[in-house]
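**Student:** what's the 3D shape of this:
(one chain, ligands or ions: 1)
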Amino acid sequence: SVSRRYAAVDLGAASGRVMIGEVGAGRLELTEAHRFPNEPVRLPDGLHWDILRLYRELLAGLRHCGDGLASVGIDSWAVDYGLLDERGALLGLPYHYRDPRTEAVAVPDPERYAVTGTQHLPINTIYQLLAEPPSRLAAARRLLLVPDLLGYWLTGQTGAERTNASTTGLFDARAGRWAGSLIDRLGLRPELFPELREPGSAIGTLLPHTGLDLPLVAVASHDTASAVVAVPASVPNFAYISTGTWSLVGVELPAPVLSPDSRDANFTNELGVDNTIRYLRNVMGLWLLQECQRGWHEPDTGALLAAAASAAPFGSLIDPDDPSFLAPGDMPSRIDAYCARTDQPTPAGRPGYVRCIMESLALGHRAALRAAARLSGRTVEVVHLIGGGARNDLLCQLTADACGLPVVAGPIEATALGNVLIQARADGGPADLPAMRGLVAATQPLRHFEPRGDSGAWDKAAARIGRE
Ligand code: LFR
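**Tutor:** Residues are numbered from 1 along each chain as shown. Sure thing, here's the model as predicted:
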């Protein structure tokens, strides 16, 4: 049978890639066309994304894909944006969500949760806008989230794809549109927020100067939303952990949970495809390890994990979500400071730090999973661990142990697969989420981890960092 080729541009906080996905009856195959690092740049006014580099790499990657592509789709991390002036020119470089300028303005507002259902994190778009230099905000006519900004440069068309718009803290989770009265109340211009786009809708054709005669299709442009599309679930009672720089831990629901309990547990209601809600919590994720490795100049993750696997268990434990770990900088020293604050020994050498991070992430996964199940009333039978962390055996096994649940690991490139699948569906491919997920389950290598060991030890470990 015939298969069709799609290009998925997937930009993560640490690296970007352009993948070619081939989809046909019983066929889903991903090959890498181009991969590149995503390195933020510190300038006098703060930490920024090198957005022109990302755009250039995206174009180079697409040129590398060759002919015969049916379409292209772009996804990236959420919450960050560019501002355009009245001519459509970009007003300065987009800030990086880890820039600490939002600290002063990121004050939780309990009333807002009932409308937006957004977790309180200083990275949210709403706080970034409140911290904008007033002159830039005054000149701004349009706000475009990162995938929409790149899509504008490629096609000249502006819009706001729904799944990503839902992460801003300025979106009405129940109504599924921009939260107009909140936007008014904050004194933000309503015209900043473009018309919403549906995943699967056509954005436009790439402009002639790109040399690429291709349609751009809106996918689930929030990377986590694309990843959740590609969860190879075969039973309804599943939870997911989408791992990368962050671990996004939650369940898929038909409607948002906006209760005060949910707010206090800091759960977010982000939009998925087909009127689903991604009910989840951000756990700090492999950022903790990545930032240690940057300081150590040690790119060999495999060697670090192998050493950590034989390090002593439950030596030092941290709450991965402690706000002191959010900003870039010396991570081992911040782990030491946390341990000193909580009367624990500091980790023993690099294997000790890596063991501490893996066990602490497993505890973070466990706490978020239990809270998701409790707050949503959903029973969880199986955990799908997707994204880059699925190649990390230690993290997968410790997560199974800590949660006391089977973990199915994979696919590693869930986000790119989800991106491709939404394009394929728009082109007459798999019709709905069960069909897309069935295709992933039938074609992608998955690994199974059963919980082992002593669940009492994990209860004690969780209590040590004050989590469930
Ligand atoms: C994961 C992710 C998370 C979002 C964080 C910041 O890559 O998109 O879902 O909370 O990055 O944008």
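
**Student:** got the contact list for the nearest residue to residue 272 once chain neighbours are set aside?
**Tutor:** Using C-beta to C-beta, 6 or more residues apart in numbering and skipping residues adjacent in sequence, the residue nearest residue 272 is residue 278, 4.8 Å away. Every residue, glycine included, has its C-beta placed from N, CA and C. Counting by C-beta atoms under 8 Å, 6 or more residues apart in numbering, residue 278 touches 224-225, 228, 248, 250, 252, 268-272.

**Student:** Quick check: of those residues, which lies closest to the ligand?
**Tutor:** For the contacts of residue 278, the closest approach to the ligand (C-beta to the nearest ligand atom) belongs to residue 224, at 3.7 Å.

**Student:** give the contact list for that closest one.
**Tutor:** Residues in contact with residue 224, defined by C-beta under 8 Å, 6+ apart, are 78, 242, 248, 270, 278, 280, 415.

**Student:** swap in residue 323?
**Tutor:** Going by C-beta under 8 Å, 6+ apart, residue 323 touches residue 122.

**Student:** Flag every residue of the stretch 51-200 of the chain that's near the ligand.
**Tutor:** By C-beta under 6 Å from any ligand atom, the residues of the stretch 51-200 of the chain that approach the ligand are 77-79, 97, 123.

**Student:** I'd like these written out as a markdown table, with neighbour count and distance to residue 63 added.
**Tutor:** Below are these laid out as a markdown table (neighbours: other C-beta atoms under 10 Å; distance: C-beta to C-beta, whole Å):
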| residue | neighbour count | distance to residue 63 |
| --- | --- | --- |
| 77 | 25 | 24 |
| 78 | 28 | 27 |
| 79 | 20 | 29 |
| 97 | 23 | 30 |
| 123 | 22 | 33 |
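
**Student:** Name the nearest of those residues relative to residue 431.
**Tutor:** Residue 431 lies nearest to residue 78 out of these, by C-beta to C-beta, at 27.0 Å.

**Student:** wouldn't the closest one be in contact with residue 165 here?
**Tutor:** No. Counting by C-beta atoms under 8 Å, residue 78 does not reach residue 165; the two are 9.4 Å apart.

**Student:** Now do the shared contacts for those two.
**Tutor:** Contacts common to residue 78 and residue 165, judged by C-beta under 8 Å, 6+ apart, are residue 145.

**Student:** Stretch 302-322 near the ligand anywhere?
**Tutor:** No. On the criterion C-beta under 6 Å from any ligand atom, stretch 302-322 is out of touch with the ligand, staying 12.5 Å away.

**Student:** mind listing what's buried in that stretch?
**Tutor:** Of all the residues in stretch 302-322, those buried under the rule 16 or more other C-beta atoms under 10 Å are 304-305, 308, 311, 315-322.

**Student:** Can you give the contact residues for that stretch?
**Tutor:** 282-285, 288-289, 293, 298, 325, 335, 338-339, 344-348, 350-352, 354-361, 363-364, 392-394, 457, 461, 464-467.

**Student:** and what of stretch 177-190?
**Tutor:** Contacts for stretch 177-190 (C-beta under 8 Å, 6+ apart): 112, 115-116, 126, 129-130, 137, 140-141, 160, 165, 170-172, 192-193, 196.

**Student:** Point out the ones among those that are inside strands.
**Tutor:** Counting by DSSP state E, the contacts of stretch 177-190 place 160, 171-172, 196 in strands.

**Student:** residue boundaries of the helices in the stretch 151-300 of the chain?
**Tutor:** 162-165, 180-185, 223-229, 260-264, 287-296 (DSSP state H, counting those that start in this stretch).

**Student:** Which one, of the ones you listed, ends up nearest to residue 58?
**Tutor:** Nearest to residue 58, of all the helices of the stretch 151-300 of the chain, is helix 223-229, at 14.4 Å by C-beta to C-beta.

**Student:** what distance separates the closest one from the centre of its chain?
**Tutor:** Helix 223-229 sits 8 Å away from the centroid of its parent chain (C-alpha atoms, centre = their mean, to the nearest Å).

**Student:** All good on my end, thank you.
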